[in-house]
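> With the sequence up front, the predicted model follows.
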Amino acid sequence: MKINNIVVSEDDDLIRIDKYLSLSAPELTRNRIQGLISDGNVSVNGKSVKANYKVRENDKIELLIPDAVPTDIPAEDIPLDIVYEDDDILIVNKPKGMVVHPAPGHYTGTLVNALMYHCKDKLSGINGELRPGIVHRIDMDTTGLLVVCKNDYAHNFIAEQLKEHSITRKYQAIVYNSFNDTEGTIEGNIGRHPNDRKRMTITPNGKPAITHYKVLQNLGKYALVECQLETGRTHQIRVHMSSVNHPLLGDEVYGPRSCPFKLQGQVLHAKTIGFIHPTTKEYMEFDSELPDYFMKLIEHLSNT
C-alpha cells in the first residue's frame with residue numbers, strides 16, 4: 001500500500017479533487033483516481049469525499065494506492081511478431097484469430113497470455129488484472145499493429161494521446177461495392193445496439209465517432225480502402241463503413257451473412273500507428289505489411 005499525503009496550496013483552491021489529484025499524481029489516470037475515491041481510498045482532513053469535492057487551501061489529503069493484485073493469467077509461450085520494443089513499450093503485429101485479452105470463452109491463447117510470458121511482470125496494470133499492458137485493442141479477426149505498455153507512466157502517456165485523438169491509426173480494408181468518390185469522412189455517434197448487446201450501431205445516444213476514408217483501388221464489385229481513425233470506438237470502422245453501404249468483406253455481423261470467399265471474419269488490417277514516445281517525447285511511426293491472405297485476395301480481385 002502506497003500512501004501519499006498532500007497539502008493543498010492557495011493556488012489550487014476550489015479545484016475538483018479528482019482533477020487536482022490527476023495533476024498531483026500524473027502516474028494515475030483521472031478514471032483511476034475516481035475509482036480510488038469511490039473505493040474510499042481518498043480522504044480530506046480525515047473524512048471520505050466524493051469526486052466532485054472542491055479542494056480548499058490547507059486541506060490535508062491522504063491518497064491510498066493499493067498494491068497491484070497478482071494476476072492469475074497463465075503465461076504462455078506463444079510466438080509474438082514484435083515490431084519494436086524498449087523499456088516502455090512494445091509494438092506487436094497481431095495475427096488473425098488472436099483475442100487481445102482474456103474474456104469469457106477465451107481465457108488462454110490471447111495476446112495477454114503471450115505478453116505475460118515475454119514481459120514477465122513488466123506490464124502496466126491500469127486496465128486491471130485481465131488486461132495488463134493493454135492500452136487499446138483490435139478485434140479478434142482484425143490483424144495488425146498494437147501498442148503495449150510496460151509501465152503505468154507509459155500507459156497514461158499513450159492513453160492521453162488516444163483521448164486527445166492525436167495518435168495516427170491507419171487501417172486497410174476490402175469493402176463491398178466500388179466508389180465513385182476518392183475519399184470522405186463518416187461521422188456518427190456509436191453505441192450498443194438496443195436489441196443485440198454484441199453489436200454496435202449509430203445512435204444519437206452513442207459516443208462521437210469520426211472515420212476518414214480514402215479509396216486506394218476499386219476492385220470490381222469491391223474496393224480497397226484506407227480508413228484513418230479520429231476516434232476509437234468499438235467496431236468503429238465496421239459500423240461506419242456499413243452505414244454508407246460499404247460493409248467490410250467477410251464481416252457477417254455488419255455485412256451480408258454469406259460471403260463469396262472463404263474468410264475468417266472481416267478483411268481489416270491495422271497497418272500504421274504513430275505517436276509521441278513517453279520517454280523520448282519524439283514522434284514514432286510504424287508500418288506493417290498486409291497479411292498474405294489479404295494480398296492474395298487483392299490480387300484475385302484485381303484479375304477478375
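Received, thanks. Residues are numbered from 1 along each chain as shown.
> for the helix or strand harbouring Gln172, which positions count as buried?
Using DSSP states H and E, Gln172 maps to strand 168-176. Of the residues in strand 168-176, those buried by neighbour count under the rule 16 or more other C-beta atoms under 10 Å are 169-176. Backbone N, C-alpha and C define where each C-beta goes, glycine included.
> likewise stretch 19-33?
19-22, 24-25, 28-30, 32-33.
> Which ones among these map onto helices?
19-22, 24, 30, 32-33 (DSSP state H).
> sorry, back to before: quick one: list the elements packing against the strand holding Gln172.
Taking 3 or more C-beta pairs under 8 Å, 6 or more residues apart in numbering; DSSP states H and E as contact, the helices and strands that strand 168-176 lies on are strand 222-229, helix 236-243, strand 268-276, helix 292-302.
> which of the ones you listed is buried the deepest?
Ranked by mean neighbour count under mean count of other C-beta atoms under 10 Å, the helices and strands packed on strand 168-176 are led by helix 236-243, which reaches a mean of 24.
> What angle do strand 168-176 and that helix make with each other?
Using axes from the mean of the first three to the mean of the last three C-alpha atoms, to 10 degrees, the interaxial angle of helix 236-243 with respect to strand 168-176 works out to 40 degrees.
> what's next to helix 236-243, contact-wise?
Identification of contacts with helix 236-243 by C-beta atoms under 8 Å, 6 or more residues apart in numbering yields 139, 171, 173, 175, 186, 188, 190, 200-202, 209, 211, 213, 225, 227, 229, 233, 247-248, 251, 253-255, 266, 268.
> sorry, back to before: would JSON lines of the ones in helices among the buried residues of stretch 19-33 with distance to Lys296 and pLDDT be doable?
Shown next, in JSON lines, are those (distance: C-beta to C-beta, whole Å; pLDDT from 0 to 100):
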{"residue": "Lys19", "distance to Lys296": "52", "pLDDT": "88"}
{"residue": "Tyr20", "distance to Lys296": "56", "pLDDT": "90"}
{"residue": "Leu21", "distance to Lys296": "53", "pLDDT": "90"}
{"residue": "Ser22", "distance to Lys296": "48", "pLDDT": "81"}
{"residue": "Ser24", "distance to Lys296": "54", "pLDDT": "80"}
{"residue": "Arg30", "distance to Lys296": "46", "pLDDT": "75"}
{"residue": "Arg32", "distance to Lys296": "44", "pLDDT": "78"}
{"residue": "Ile33", "distance to Lys296": "49", "pLDDT": "87"}
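> and which of the residues you listed is nearest Ile6?
Set against Ile6, the nearest of these by C-beta to C-beta is Ser24 (5.7 Å).
> Filter the contacts of helix 236-243 down to the ones in helices?
Using DSSP H to define helices, no part of the contacts of helix 236-243 is located there.
> Make a ChimeraX selection of the buried ones in those.
The command below creates a ChimeraX selection of those among these that count as buried (16+ other C-beta under 10 Å):
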select :139,171,173,175,186,188,190,200,201,202,209,211,213,225,227,229,233,247,248,251,253,254,255,266,268
